[in-house]
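Enquirer: Structure, please.
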Amino acid sequence: MVRVPNAKPIDSPRCDLRLPNAALRYRMTASPRLITRDALGAINVTAWLYRDRRGIEGIQVNPNVPIAELQRVFGPAPTPDAEVGFHSEALAAEWFRIRPDLQVIQIFSERIPCRHMCAPLLQHYYPGVPWYYYYDAGSWVGNRGELLKRAGDILKNTYGL
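Expert: Numbers count the residues shown, from 1 in each chain. Reported below is the predicted structural model:
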């Protein structure tokens, strides 16, 4: 069973655990490589709970597309400031943008949405929708009291992999 993630804002209702479970299930079924320490560190998975007009709930899961994958497919970016992957939150937000009949209820991302791009996007387009996450820039403590600072280590520990 997955752990209860952190919430933003902190007084948000409890995260619907179907979201982190959906993210983990995606990692487990998409490819075995997504549960290695390196894949856990390179790929961020987001899962968004939504409701349609009939009141039926669903979950949309999106991984990010890392810079390395974009370079492999398209070659290097023309300038260093263009070296940016596609963030999972932005990909999910685009999925919902073209489906305006769906209401986003909760947003889970394995990593706290970045403050330069994703957090402003979520605050602007999804005001009042709580976010949940496992990893942020702060440190975590592992099962033996050791300090964990890498996303791969923290997610491996959190998911019990």
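Enquirer: Any buried residues in the top helix by length along the chain, and which?
Expert: Longest helix of the chain, by residue count under DSSP state H: helix 18-30. Buried residues in helix 18-30, counted by 16 or more other Cβ atoms under 10 Å: R18, L19, P20, A22, A23, L24, Y26, R27. Where C-beta positions appear, they are placed from N, C-alpha and C, glycine not excepted.
Enquirer: Out of those residues, which is nearest to I107?
Expert: L19 (8.0 Å; Cβ to Cβ).
Enquirer: which residues touch the nearest residue to that closest one once chain neighbours are set aside?
Expert: Excluding the flanking residues, the one nearest L19 by Cβ to Cβ, 6 or more residues apart in numbering is F108, at 3.6 Å. Counting by Cβ atoms under 8 Å, 6 or more residues apart in numbering, F108 touches 5, 15, 19-20, 22-23, 46-49, 131-133.
Enquirer: Break down this protein into its helices, ranges please.
Expert: 18-30, 37-42, 67-74, 88-97, 118-125, 151-159.
Enquirer: between the fifth one and helix 88-97, how big is the angle?
Expert: Think helix 118-125. 20 degrees (axes from the mean of the first three to the mean of the last three Cα atoms, to 10 degrees).
Enquirer: hmm, who's touching stretch 146-161?
Expert: 2-3, 24, 27, 35-42, 44, 110-111, 134-135, 139-143.
Enquirer: Using CSV, write out every CA atom in that stretch.
Expert: Extracted C-alpha coordinates of stretch 146-161, given in CSV (Å, rounded to 0.1, in the frame of the first residue of the first chain):
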residue,chain,number,x,y,z
GLU,A,146,19.8,7.7,6.6
LEU,A,147,19.2,11.0,4.8
LEU,A,148,17.8,10.6,1.3
LYS,A,149,17.9,13.5,-1.1
ARG,A,150,17.5,12.1,-4.6
ALA,A,151,14.0,11.6,-6.0
GLY,A,152,14.8,8.0,-7.1
ASP,A,153,15.8,7.1,-3.5
ILE,A,154,12.8,8.7,-2.0
LEU,A,155,10.3,7.2,-4.4
LYS,A,156,11.9,3.8,-4.1
ASN,A,157,11.5,4.1,-0.3
THR,A,158,8.0,5.6,-0.5
TYR,A,159,6.6,2.9,-2.9
GLY,A,160,8.4,0.1,-1.0
LEU,A,161,10.3,-1.0,-4.1
